[in-house]
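J.: Structure here, sequence nowhere to be found:
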């Protein structure tokens, strides 16, 4: 025991303190804040012992949790001696979130830390056990004024970026520290000296950061641009609200019909550009040979049909926001033109002989494709991919937002009815919700809107004419769904997904009531399957044989096994407060019948 105590005494007190803090942390945000405090303290000690002690200061640290599909959380912690930055409402420009559009790319590609000397635009890689590697040519962002201006605007002259690794080694995000020390521009700064300790603490904390649950976010208020926000989307919306305050490009990914265009417009309304134009370019509707013209505009006579000078989307969105949807459909030639706009903020309309025009536009990009796979296949430029993948947000499918489905349907119904009868009232009947939640909605919000429109028309037909009050019932929705093209039996996997989604929804209801729906109750599915087989075949033995349990029949254990599974069904029904079990009496011993 004395030897063990001696070993403990040799542990770096900062590591021991951090481990103690991590053990007490309950959420990702708690852990990130504790880690950032430790890292900022280490960096501050290194700065105090450097030649720049009186000429520099630590500004802030950030933890970016961004798996491949998009940002999940961002935690920002100012140094204790640093005054908090002014709020955007005070007139100050909202600070940029990332040190550079390429920082994430370099962290992922090289799987190591990197440091940035902002004023001279130099990046150094910090590989384990090796001297810092100076890049042959700095990223193009530092050759331009855009990224440099944002970093200098927030007084960051030196930035350190480290990978955030999951327990399996995958890069799940990054950690960044920022300092202000103009006197060290072009000179070795403190990062090489304090990096080993900072990297060690980061590596200790990373497994916690990658696996801890996220802090529950209070559902933000809805508005006219985003009328429905459920608990399933609360964290994403709050993240998007922060991103909307930035100038960097937002990338909205998700299946067709999840509401990317609505979220893009909402983000515009949350931004400093809200009073300026909002333009949309849906590339799915633009032939490939006209994409350049739609983006940049054209001069009269520049091509057949160009009968007058016409402004493109970029010019029409000047000072505001341009939402480009289905970016994966952009031709390689047009990709090169868009990349130039994003990097240099310059473009030239088709047919304009000389001179460039300035593009003062905020870009929001939408896609339902796997852009990284498109890069590997050569269909999408890698440099453009990383240039638009700065603030990625993955929008989940409607099936994963079950708590929103009835509310979206009610909103769509009300909007439809008010267009016909402004003083009228339309509502969903109580039996409508089970029908809505029982469908998979592969077409997401777009499909839901179509079904609500169809069901509304059926309800009006039933009323035999215009009605001031309309109630949309489950029968109207069921009939509307029956008209779906290609409607037919769903796959077993889809049905299991729906069952799981409903189980989670009921668990959320139970939590709101102060109780819990135990995960073990999900095992009742076995009982439902087995009981259904018994009822269909009329034989318990045949049911077990059908489901691959011949050995249970041979050992004469099938009666007890059936009772165990049916008991699980009854336990689930009891937990849900549903009277009676659907298979009551099925497991009774045949001798008692």
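T.: Received the coordinates, thanks. Everything numeric here is computed off the predicted structure, so don't read it as measured data.
J.: For the stretch 101-250 of the chain, which segments count as strands?
T.: 113-117, 122-126, 133-134, 158-165, 171-180, 250-253 (DSSP state E, counting those that start in this stretch).
J.: which other helices and strands contact the first one?
T.: In this case it means strand 113-117. Counting contacts by 3 or more C-beta pairs under 8 Å, 6 or more residues apart in numbering; DSSP states H and E, strand 113-117 packs against helix 103-110, strand 122-126, strand 158-165, helix 191-211. Where you see a C-beta, it was placed from the backbone N, CA and C, and this is true even at glycine.
J.: Let's see the distance spanning stretch 394-409 from one end to the other.
T.: Taking C-alpha to C-alpha, to the nearest Å, the first and last residues of stretch 394-409 lie 22 Å apart.
J.: Run through the strands of the stretch 351-500 of the chain in chain order.
T.: 357-358, 362-367, 391-394, 425-428, 469-472.
J.: Including mean pLDDT and mean neighbour count, could those strands go into CSV?
T.: Shown next, in CSV, are the strands of the stretch 351-500 of the chain (pLDDT from 0 to 100; neighbours: other C-beta atoms under 10 Å):
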stretch, mean pLDDT, mean neighbour count
strand 357-358, 92, 15
strand 362-367, 97, 25
strand 391-394, 93, 22
strand 425-428, 93, 18
strand 469-472, 91, 18
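J.: Out of these, the one nearest residue 235 is which?
T.: Relative to residue 235, the nearest member of the strands of the stretch 351-500 of the chain by C-beta to C-beta is strand 391-394, separated by 10.7 Å.
J.: Grab the nearest non-local neighbour of residue 433.
T.: In space, and not counting its chain neighbours, residue 433 is closest to residue 406: 4.9 Å by C-beta to C-beta, 6 or more residues apart in numbering.
J.: Check that neighbour and give its pLDDT.
T.: According to the prediction, residue 406 has pLDDT 96.
J.: show me what contacts it?
T.: 428, 432, 433, 436, 437 (C-beta atoms under 8 Å, 6 or more residues apart in numbering).
J.: Recalculate using a threshold of 10 Å.
T.: Going by C-beta atoms under 10 Å, 6 or more residues apart in numbering, residue 406 touches 228, 230, 428, 432, 433, 434, 435, 436, 437.
J.: From these, keep the buried residues only.
T.: Among these, those classed as buried by 16 or more other C-beta atoms under 10 Å are 228, 230, 428, 432, 433, 435, 436, 437.
J.: Looking at these, which are in helices?
T.: Among those, the residues falling in helices (DSSP state H) are 432, 433, 435, 436, 437.
J.: Might one say that the third one is in contact with residue 482?
T.: Spelled out, that is residue 435. No: the criterion here is C-beta atoms under 10 Å, and residue 435 misses it with residue 482 at 11.1 Å.
J.: Tell me, please, where in the chain the pLDDT is lower than the cut-off.
T.: By pLDDT under 70, the weakly predicted segments of the chain are 1-11, 82-102, 128-148, 464-466, 485-491, 494, 497-498, 578-593.
J.: what domains does the record give for it?
T.: For the chain, automatic domain parsing gives the domain ranges 2-211, 231-395, 399-482, 518-592.
J.: which residues sit in contact with the nearest residue to residue 543 once chain neighbours are set aside?
T.: Once flanking residues are discounted, residue 543 sits nearest to residue 533: 3.7 Å by C-beta to C-beta, 6+ apart. Shown in contact with residue 533 (C-beta under 10 Å, 6+ apart): 539, 540, 542, 543, 544, 545, 546, 547.
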